[in-house]
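K.L.:
Got a sequence here, can you model it:
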Amino acid sequence: MCAVPAAAQVAAPADPFAGDPTGIVADPCPSHGKVDWAVQHAHDQARDFGQLCRYRAANAALTERPRVVFAGDSITDNWINLDPSFFNHGLVDRGISGQTTPQLLVRFRQDVIDLHPRAVHIMIGTNDIAGNTGAAAMETVEGNIASMADLARAHGIRVILASVPPAGAFPWAKDKQPVPQIAALNRWIATYARSNGFTYVDYHPALATSDGAMKPGLASDGVHPTAAGYAAMRPLAEAAIEKALGR
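P.N.:
Numbering: from 1, shown residues only. This is a model prediction of the structure:
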């Protein structure tokens with residue numbers, strides 16, 4: 001038998017919040033001072049993998065049932081900043097920069113199901129392809145998206161599955177060649193949505209060049225949409241919402 005060290009805990013190197021409580025506790029989200037992104041990211045990986053603390057207070061403050069929750073990564077997270085007028089009349093933004101499908105799945109109950117929206121817009125996969133939380137098989141990424149969609153359906157929430165937006169390269173993961181993997185994942189998402197009666201929204205015709213990159217002017221770094229990029233996405237999202245909720 002192997003000896004297990006008593007009181008062993010996971011800690012990130014130089015984590016400024018290493019003294020936070022761990023285990024099953026009454027308040028897993030103590031307030032912290034502002035730190036830079038890299039330090040916060042290291043802390044989140046060790047202490048809050050799904051980043052459930054990000055929207056915990058905002059969820060508690062909601063007074064009305066959302067019409068649609070937008071769940072995703074930085075492309076969703078930034079949307080409300082560059083097109084704030086879109087997120088009214090019951091549209092709620094629950095994107096978190098840098099997240100992968102397993103991270104979104106971890107927080108899906110808190111940030112989507114427990115809010116009881118009429119529909120959820122799921123747009124995720126960019127950071128899985130970039131390898132933000134390590135290596136994963138394409139089938140695992142697909143399974144995570146399927147699990148979120150299945151959970152939503154089981155709770156009476158209409159599902160909108162969005163294509164992974166185009167990217168010719170990732171500035172933070174320059175060794176990756178994302179175009180073919182984005183195309184493969186989007187083919188699966190479209191097929192899965194169709195076979196399950198979900199709404200599929202494809203942003204590529206509005207955003208992508210013929211070689212699978214972002215059109216000039218529609219992204220700040222080839223990945224993250226500008227205000228013009230979100231303006232191109234907005235009518236497609238609105239049409240998908242109308243389709244999903246009109247059934």
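
K.L.:
all contacts plus neighbour counts: C-alpha atoms, from now on.
P.N.:
OK.

K.L.:
The residue positioned nearest the centre of the chain: what's it in contact with?
P.N.:
By C-alpha atoms, centre = their mean, the chain has its centre lying nearest to Gly72, at 1.9 Å. Contacts for Gly72 (C-alpha atoms under 8 Å, 6 or more residues apart in numbering) come out as 94-96, 99, 104, 122-124.

K.L.:
Check Pro102 too.
P.N.:
Taking C-alpha under 8 Å, 6+ apart, we find Pro102 in contact with 50, 141, 144.

K.L.:
and the residues you listed, which of them are in helices?
P.N.:
Using DSSP state H, the subset of those located in helices is 141, 144.

K.L.:
need the contact list for Phe108.
P.N.:
Neighbours of Phe108 in contact, by C-alpha under 8 Å, 6+ apart: Met148.

K.L.:
how about it, secondary structure?
P.N.:
helix (DSSP: H, G, I helix; E, B strand; the rest coil).

K.L.:
coming back round to it: out of the contacts of Pro102, which are buried?
P.N.:
50, 141, 144 (16 or more other C-alpha atoms under 10 Å).

K.L.:
on that earlier part again, kindly reformat the contacts of Gly72 as CSV containing distance to Ala232 and secondary structure.
P.N.:
Listed next are those as CSV, based on distance: C-alpha to C-alpha, whole Å; DSSP: H, G, I helix; E, B strand; the rest coil:
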residue, distance to Ala232, secondary structure
Arg94, 20, strand
Gly95, 19, strand
Ile96, 21, coil
Gln99, 23, coil
Leu104, 25, helix
Ile122, 18, strand
Met123, 16, strand
Ile124, 18, coil
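
K.L.:
That's all I had, so thanks and see you.
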